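Participant: Sequence and predicted model, in that order:
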Amino acid sequence: MSNIRLQDPALGDSFESMMRRFFAPVRLGGDMPSVEMRIDLDEADDAYHVKAELPGVEKQDIQVRIDGNVVRIDAQVRKDKQEQGDKGRVLCAERYYGAVSRSFSLPVDVDEGRAQARYANGVLRLDLPKKAAAGSHKLAIE
């Protein structure tokens, strides 16, 4: 098992925060659900590979930040749903606007200069090369 830490807001909250969410108003069936970001994370000898599901998100609304061994994915979500009657009148319009983010830390720093991101068909793919470990250096004693 590696030392990868996924930071999920639902799991990392304090007890007080969890209780506030428990007593918050309940979302009714008519509301549109918020978008969740699900990720798969694989490790190879020289890199980490991430697949993040972001259905319905436009490429320009996604940001990926790398800070050492911490990776953060942010996305702006815009969902529209409209139902029309027989004569083309809109009878119901539901919209969801919001943000979704996910961050995780890896056991090794990422080489930001070689990292790559691709987005197609609602899936963000990240190739995160591991930063080469600095070799030991022998000091000459004067």
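Facilitator: Nice, thanks for sending it over.
Participant: When you work out contacts or count neighbours from here on, use the C-alpha atoms and nothing else.
Facilitator: Will do.
Participant: and the one helix or strand Asp74 maps to, average pLDDT?
Facilitator: Element membership of Asp74 [criterion: DSSP states H and E] is strand 70-84. Average pLDDT, strand 70-84: 80.
Participant: Check stretch 99-117 too.
Facilitator: 93.
Participant: how long is that stretch end to end?
Facilitator: Terminal residues of stretch 99-117 are spaced 19 Å apart (Cα to Cα, to the nearest Å).
Participant: So which bits of it are buried?
Facilitator: The neighbour-count check on stretch 99-117 (16 or more other Cα atoms under 10 Å) flags Ser101, Arg102, Ser103, Ser105, Leu106, Val108, Asp109, Val110, Asp111, Glu112 as buried.
Participant: Quickly note the distance from the residue nearest to Lys131 when sequence neighbours are not counted to Val71.
Facilitator: Spatial nearest neighbour of Lys131, chain neighbours left out: Asp111 (4.5 Å); criterion: Cα to Cα, 6 or more residues apart in numbering. Distance, Asp111 to Val71, using Cα to Cα: 11 Å.
Participant: From Gln76, how far out is Ile39?
Facilitator: Taking Cα to Cα as the measure, Ile39 falls 17 Å from Gln76.
Participant: what number of residues lie near Gln60?
Facilitator: 9 (other Cα atoms under 10 Å).
Participant: which residues in this protein form strands?
Facilitator: For the chain, the strands defined by DSSP state E cover 5-7, 38-43, 47-53, 62-67, 70-84, 90-105, 116-120, 123-129.
Participant: now the angle from the fourth one to strand 123-129?
Facilitator: For the pair strand 62-67 and strand 123-129, the angle between their directions (axes from the mean of the first three to the mean of the last three Cα atoms, to 10 degrees) equals 20 degrees.
Participant: now the angle between strand 116-120 and strand 62-67, please.
Facilitator: Using the same axes, to 10 degrees: strand 62-67 against strand 116-120 is 160 degrees.
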